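**Q** Show me the folded form of this:
(chains A, B, C and D)
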Number of protein chains: 4
Amino acid sequence: MKVAVVGATGYAGAELLSILYRHKETEVAYITSESHTGENISDIYLHLRGLYDMTLSGMKDIEEIGDECDAIFIALPHGHAMNVGRALQDKKARIIDLGADYRFNDVSVYEKWYKVSHTHKEAKRVYGLAEIYRDKIKNAKIIGNAGCYTTASILALAPLVKNHLVETNTIIIDAKSGVSGAGRSAKQANLFGELCGSFKAYGVANHRHTPEIEQALSDLSGENILLNFTPHLVPMGRGILATAYANLKSNTAPEDVDKAFYDMYNDEYFIRLLGRGAYPATKNVRGSNFCDIAWHIDERTGRVIVLSVIDNLVKGAAGQAVQNFNIAFGVDEKEGLDYVPVYP
Amino acid sequence: MKVAVVGATGYAGAELLSILYRHKETEVAYITSESHTGENISDIYLHLRGLYDMTLSGMKDIEEIGDECDAIFIALPHGHAMNVGRALQDKKARIIDLGADYRFNDVSVYEKWYKVSHTHKEAKRVYGLAEIYRDKIKNAKIIGNAGCYTTASILALAPLVKNHLVETNTIIIDAKSGVSGAGRSAKQANLFGELCGSFKAYGVANHRHTPEIEQALSDLSGENILLNFTPHLVPMGRGILATAYANLKSNTAPEDVDKAFYDMYNDEYFIRLLGRGAYPATKNVRGSNFCDIAWHIDERTGRVIVLSVIDNLVKGAAGQAVQNFNIAFGVDEKEGLDYVPVYP
Amino acid sequence: MKVAVVGATGYAGAELLSILYRHKETEVAYITSESHTGENISDIYLHLRGLYDMTLSGMKDIEEIGDECDAIFIALPHGHAMNVGRALQDKKARIIDLGADYRFNDVSVYEKWYKVSHTHKEAKRVYGLAEIYRDKIKNAKIIGNAGCYTTASILALAPLVKNHLVETNTIIIDAKSGVSGAGRSAKQANLFGELCGSFKAYGVANHRHTPEIEQALSDLSGENILLNFTPHLVPMGRGILATAYANLKSNTAPEDVDKAFYDMYNDEYFIRLLGRGAYPATKNVRGSNFCDIAWHIDERTGRVIVLSVIDNLVKGAAGQAVQNFNIAFGVDEKEGLDYVPVYP
Amino acid sequence: MKVAVVGATGYAGAELLSILYRHKETEVAYITSESHTGENISDIYLHLRGLYDMTLSGMKDIEEIGDECDAIFIALPHGHAMNVGRALQDKKARIIDLGADYRFNDVSVYEKWYKVSHTHKEAKRVYGLAEIYRDKIKNAKIIGNAGCYTTASILALAPLVKNHLVETNTIIIDAKSGVSGAGRSAKQANLFGELCGSFKAYGVANHRHTPEIEQALSDLSGENILLNFTPHLVPMGRGILATAYANLKSNTAPEDVDKAFYDMYNDEYFIRLLGRGAYPATKNVRGSNFCDIAWHIDERTGRVIVLSVIDNLVKGAAGQAVQNFNIAFGVDEKEGLDYVPVYP
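**A** Residues are numbered from 1 along each chain as shown, chains lettered A, B, ... in the order given. All right, here's what the predicted structure looks like:
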C-alpha cells in the first residue's frame, strides 16, 4: 500500500518514517513539508541518510497524493488537518491525523479548548486509541489519533472507570513528559541550556489534553467526568509517565482493581501489566509501542494510584498511528511495531 | 563559633561544608566519617581541594567534639543521630540533625514508619522548618531539620491548611526529585546508565516523608490529616518540585487563597511567591536556599494546585540546617545563605 | 540457527538480545549469567518483559550449549572468554567474543596490556571488524569482535593509513563515549549524581584499546604504528565520537583524502560518509549499526581531522557481533540490523 | 564603586550579576539590553527575583553610564563592544569587555577571523588573562577578557611553551564545552531535544578562538605558533575540558614538566594543580572561578597530554572579568569569587 506523511519534518513525522521503514506492507510514496518543500528529508534529519533520501513535496500536491495513496498520515499542528481532510473527502485515501482536529465527538469542545473554528465538522471520525476503540477503527475513513498524554492517562484509568471502581469526581492525573513533546521549533524556553537540570509544570488546569481524557473516560464510565490534568516537563528526550489518583469506592477490594486491569488488558500485546505494587520507568518502553502499567492501593487514604509509561513519539504518536493503520487495513496489528525498547 | 559536621562524606555533608565556608560566624572544627576516617575530605570530594584540606575524624572522638563545639550538624542515615544525641546530652554542643531521628513529636510514628526503636525518646526536640517553627527553634538544644520533600510540600500547603481553605482529606502531593536525593552510595539502580533519559515513581503510599508532612499540616490545621504523597526520580542532579492538590472549600474565593500565601510568606526572605498562575522551575533555585511558590485555581473542578520548588540539598537539607543554626544562635538568618541561584 | 548469549545481563548482552529478536535466521536457545543463574532475564531488564521471558543458565551448562548451538556470543569481561573458547574447541558452535580475549594476533600484547595469562593461545582467531577483515571472517571458528572505541577509531583512519596519506607517527585519537560503555556494575564513580553535568578524561596513555587500534592500523599500513588514544566520559547513555588527527604527507592533496574515503567505503552499507567539512553527531546513529564519518583538512597546519561516530553498544559491540555472525554464516549482512537510528 | 553590565540578558551577563551580588566593593548601577529595554531583569531570569529587581536600560544611555560608573562590563556579541569603547574613550569608566573586540594585539588578525572592520583600532588594550598578564591589567583602561576555550587552553599549555619543553608545531587542543557557551538565542540546533544524549564537534580548523590561543602561546614562547583547536559540544549546561597534546622535546624529563607547572602556578589561588597522572572533571569547578589542571606523559610516544577544566561562564567569562576588575582596581583578587564549586 502506498502511504504519505504530511508534515514529515516534525518529530512525530520523522518517527513515522522510522516505523514505516520497517513496515512490510507499506511504501512511503510522498512526504510533505511547507517550510522545507523541495529539500531532501535526510538533509533535515541526518539520521535518515541512506534510508530516506526523498524530496519533500508541498501541500499543493495534496490532491494528487490523495488519489495515489491508500492512507495519509497527517502530522501537522492542529487546525491544519481539517483542511486536508476536507480536500480529500472524496478521495480514496484514508486519513490518520496525529493532531487534535478529529479527536472530539463534540466539535464545540474542540473549538472551545483550541480556540479555532472547525472547518470539517460533518466528517465522520473515529478516536484512534486502539485498545479502547479497536472495532470502530476497523473501517474508519478518518482516524483522530489519540494524543500522547491522553494515551498514557486513558489507558491508566480505563479499567477503573469502566468497572465503576472509583469515585470519578476525585480523578487527578499528574503527568510528566520528555522534551520531544514540545516539538522541533526554535524556542528559547526549550533550549538545552534552559531545560537541562531543571523540572517544571506547565498548562495547569488548562492543557488541551484535558477534555480529550475526559471524553474517553466519560464514554467508558457513562458518567460526565471532570478531572485535573497537570503536565510537567522532564529533562529527557522521550517518554511520558502518568501518575493517576482516584478514591476507590467504599466497596472496592484490591482484588477488584487487579481483576479490572487483567480482564481489560491481558490480551493486549502493547500493554504490559507490571502488576500491583510495581514501578514502570519510561526507559523501559523507549523507542517502542508498549505501555507499561502498574497500580498501588493506599489503604490509609482509600485511594488507588496508577502509574503508566509510554514513549510519547511512539505509542503517544507515530506508533499508535501505525497501529491504527494496521487495524484499519486489516494488517497484523504488530506489523512494523514488533521490536525491543532501546535500553539503556 | 566552632561547629562540627558528623557524616561529612554524603552529599548533604559536603553541601554543609560549602555553605559553612561562606559563613562568617562559624569555623568548621571537626568533620567525621566512619568509612573514611583518617582520609582527607578533598580526596573524597575533589571540588573541595584548596578549600577544605581537612582530615576526617571518627565517631570515637564524639565526646571531645561535643565538648569543643558550639553546634554539631549530623548528616548520618536515620537511626544513628539518636545515639549521638544521647551521648552528647550533657555537653554544651547543640545539635542540628539532618536526618529523621528528631523530627517526630510522637516517637511511635517514627518507630512505625522507620522500623527501628528510638533510643533517645525523652529528648526535647524541635522540628526544624524555620518559616513555620521559628520561635521554637530559637532556644532549641536539638533540632530535627525538616526533610527535603517535606519542606517543599509543607511550605506549599501551610497557608491553605492553616487558614482552613481546603478539604484536608483531599490533599495529594505529587513530588519529583533530582537524583542527589538518593545519596552517594554505589547502587546499580542509581547508575547514570540506568537513570539518564528515564523517569519513574517510587515509594508510592509508603514513603517515610508522608507522616512528617502529615504531622506539620495537622499541627497547622488542628485536624488529623492523612494524605497521599508520591515521590518520583527526575534525571537531574538537584532540585525538588512538589505539585500539591486539594479541593477548595465551597466558600473559598481565589482571593482568599492569594491572601493566605501573601500573609504568611510576604516577609520571608527565602520564600519567593511567584503568584497565582505562575510556574516555578527547579533551576531557578538551584544551589540556593530559596523556595519558589506559585498556585493555580481550577474553577471547573474546584481544586487548588500549588507548585513549589527547592534545591533538595540546600533548603531541603544543608541550607535549612544553617538557617536553623542562625536562628538558634541569634545570627542573621541569611548569614552564609545570601547568594544567587546557579543558572543556567 | 540456534544461538546462545553467554553473559546476557551486561549492557552488551542485553543489546544482543534486542538485535537477535529482529533477526529472522536465529533463535536464541540459551542465555547465561553467573550472578543471576536461574533468574528470568525480564526481571533483570524490565524492557524485555513480554519479549524474552527466558531463564538464565549457568556456565556449568556450557558444553551442552556448545553441542546444541550453531553460534555462541560471549559478552563476558576479558579473561573469561578464552576459557569458554578452550572448552568448546571441539564443538560445532562457532564463537563470537565481544571481549578482548581473541582480538590480538600477538598474544603477548594482550598479556602485557591486560595483565593476565592467555589460556588459549593456540586458537585460530580472526579480528572481527567487518569492513576491514570481511574475507577472513567468512569461515572463522572464533571471531574476536572489535572493541567500541577501536571500531570508531580504526574506521576513521583506515583509508588514510592504507593509502599512505599521513605521517603515521603523528596520529592522535581523542575519543568520547557515553556512560553505557562503563557497564552496569554498581560503582560510585558511575552514579548519576556524579556524572550528570560533568565531563572528564580517563585512561590517558594507558587505555587497553590503544594496542588494538595500533594492531589494525599497522596491519593496514605495513608500518609499526604507535599512537595516542585518549578516552573521555560524556554524560549521555550511548554513543562514541572519535576525533582523529594526523599530519598529511607533504604531497597529499585534499582530493586524495576524499578519494581514499570514497574508494574504501562507498559500497559499505553501515558506513555513511558525510563528506569533507561535515559534522557527525552521535545521536544520528543511536540504536543503529551505522558509522558516520566526516573529515576536515586544515591547510594552515597541514593536518587532517577525521570525525567518526557509532553507537558503542551496536556497531561498537552487539551490532558488529551480529554483522560478523551474518558474514560468518552467509546470511545477508544487514539481517537484524536494517533499521533507522532512534532520533531524537 | 559603581559598575554597569552592558548586555545583561545573555548567560555571561546574568553570571556577572550573580558574582557582583557577592562582591563587597561594587554596586551594580546600570544594566542594559537592546532587546529588552525597559523590562525587569527578574522577569527575564526568574532566578534573580528578589535579588535584582532592576530595570534594563538601553544603549542610548551609554554616555551617562560612562560618566557615572567606575567600570563597565560589556557582555555583547563581538563587533559591538568596540563602538561602546570608542564612545567612552574620554569617560572615566574603565572597560572590561567579555567579547573578542579587544583581545588581539594585531587588529588585522581580528578582522580576518571575525570578518568585520575594527572601529577602534587605536585603543590601548590589555589581554585579560590574569595568571599570565596580571601586571599589565593593573592599570589598564580597556581589558579584552580572555575567551572561554582560550582560558582553558592557554592555562594548560603556558608552562610548557614558556619553558620551551615541547615542539610547538605539534600542539593540538581538543576541547569540549557545555551548551551554555552557545548562548541563549533560540536556535533549533540548540534545543534540548536535539542535544540531549548527543555529542558532536563543530568549528573544526576554523573556530575563532584559535588565533587567540596562538597569540598568547606565541607571546609566551617567543615562537610563531600555529596549532589545531577543535571544539565539541557536551550535553551539559556548564563546563569546559581542554585536552592538549604536544611532543616533548627530546631532552625534556617528566620532572621538568612537573616543575614548570608548579613554578608557574603554585601561588595562583584560582589554579589548582591536581598533579601528574590525575583527572580533572568539569563538575569539580562548576560555578567557581577555579581552573583544575593535571598532566600525563606518554613515554611510548614522547607526548605530554594536559587536561584542564573551567566553568565556561565563570573562569571562562564573568568570573575572569571580575578577577580582572579586582586586579585593575586594586581590590583583593578573590573578592566576590571565593566560594565553593557546586557539587554534585
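
**Q** Which strands or helices does the least confident helix or strand in chain A by mean pLDDT pack on?
**A** Among the helical and strand segments of chain A, the one scoring lowest on mean pLDDT, DSSP states H and E is helix A:62-68, with a mean of 93. For helix A:62-68, the elements it packs on are strand A:2-6, strand A:27-32, helix A:81-87, judged by 3 or more Cβ pairs under 8 Å, 6 or more residues apart in numbering or on different chains; DSSP states H and E. All C-beta spots, glycine's among them, are computed from the backbone N, C-alpha and C.

**Q** Can you list the neighbours in contact with the first one?
**A** I take that to be strand A:2-6. Contacting residues not belonging to strand A:2-6 are listed as A:13, A:16-17, A:20, A:26-32, A:59, A:62, A:65, A:68-76, A:84, A:93, A:325 [Cβ atoms under 8 Å, 6 or more residues apart in numbering or on different chains].

**Q** out of all of them, which helix in chain A is the longest?
**A** helix A:148-162 (DSSP state H).

**Q** name the helices or strands packed onto that one?
**A** Counting by 3+ Cβ pairs under 8 Å, 6+ apart, helix A:148-162 packs on helix A:130-137, strand A:172-177, helix A:209-221, strand A:228-233, strand A:240-247, helix A:254-265, strand A:291-298, strand A:303-310.

**Q** any weak-confidence spans in the stretch 101-250 of chain A?
**A** For the stretch 101-250 of chain A, no stretch has pLDDT under 70.

**Q** can you list the domains in chain A?
**A** The domain map for chain A lists A:2-123, A:149-312, with the assignment taken from automatic domain parsing.

**Q** Throw those domains into TSV and include mean neighbour count and distance to C:I297, thanks.
**A** TSV is the format used below for the domains of chain A (neighbours: other Cβ atoms under 10 Å in any protein chain shown; distance: least, Cβ to Cβ, whole Å):
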stretch	mean neighbour count	distance to C:I297
domain A:2-123	19	21
domain A:149-312	22	30
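
**Q** could the helices and strands packed on helix A:148-162 go into a markdown table alongside distance to chain B?
**A** Formatted as a markdown table, the helices and strands packed on helix A:148-162 follow (distance: least, Cβ to the nearest Cβ, whole Å):
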| stretch | distance to chain B |
| --- | --- |
| helix A:130-137 | 22 |
| strand A:172-177 | 4 |
| helix A:209-221 | 9 |
| strand A:228-233 | 5 |
| strand A:240-247 | 5 |
| helix A:254-265 | 12 |
| strand A:291-298 | 4 |
| strand A:303-310 | 5 |
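
**Q** Same list, the ones you listed, but as TSV with distance to C:L46 please.
**A** As requested, those are exported to TSV (distance: least, Cβ to Cβ, whole Å):
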stretch	distance to C:L46
helix A:130-137	20
strand A:172-177	18
helix A:209-221	26
strand A:228-233	23
strand A:240-247	14
helix A:254-265	17
strand A:291-298	8
strand A:303-310	10
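
**Q** right, and those - which one's nearest D:D256?
**A** strand A:228-233 (52.8 Å; Cβ to Cβ).

**Q** Run through who's touching the closest one.
**A** Under the contact criterion Cβ under 8 Å, 6+ apart, strand A:228-233 has outside partners A:149, A:153, A:171-177, A:179, A:182, A:195, A:199-205, A:207, A:209-210, A:213, B:174, B:176, B:241, B:243, B:245, B:298, B:301, B:303, B:305.

**Q** Skipping its backbone neighbours, what lies nearest A:G193 in space?
**A** Distances taken as Cβ to Cβ, 6 or more residues apart in numbering or on different chains place B:P344 nearest to A:G193, at 4.4 Å, with adjacent residues excluded.

**Q** A:Q89: what's its closest spatial neighbour, skipping adjacent residues?
**A** A:A123 (7.1 Å).

**Q** Next, the contact list for that neighbour, please.
**A** A:82, A:85-86, A:89, A:102, A:142.

**Q** now swap in A:N247 and tell me
**A** Counted by Cβ under 8 Å, 6+ apart, A:N247 has contacts A:166-167, A:170, A:301-303.

**Q** For A:G330, the count of nearby residues, please.
**A** By other Cβ atoms under 10 Å in any protein chain shown, the residues close to A:G330 number 10.

**Q** any idea how far chain B is from it?
**A** Separation of A:G330 from chain B (Cβ to the nearest Cβ, to the nearest Å) stands at 36 Å.

**Q** can you count the residues close to the residue nearest to that residue when sequence neighbours are not counted?
**A** The shortest distance from A:G330 to any non-neighbouring residue, by Cβ to Cβ, 6+ apart, is to A:K138 (7.8 Å). Using other Cβ under 10 Å, A:K138 has 13 neighbouring residues.
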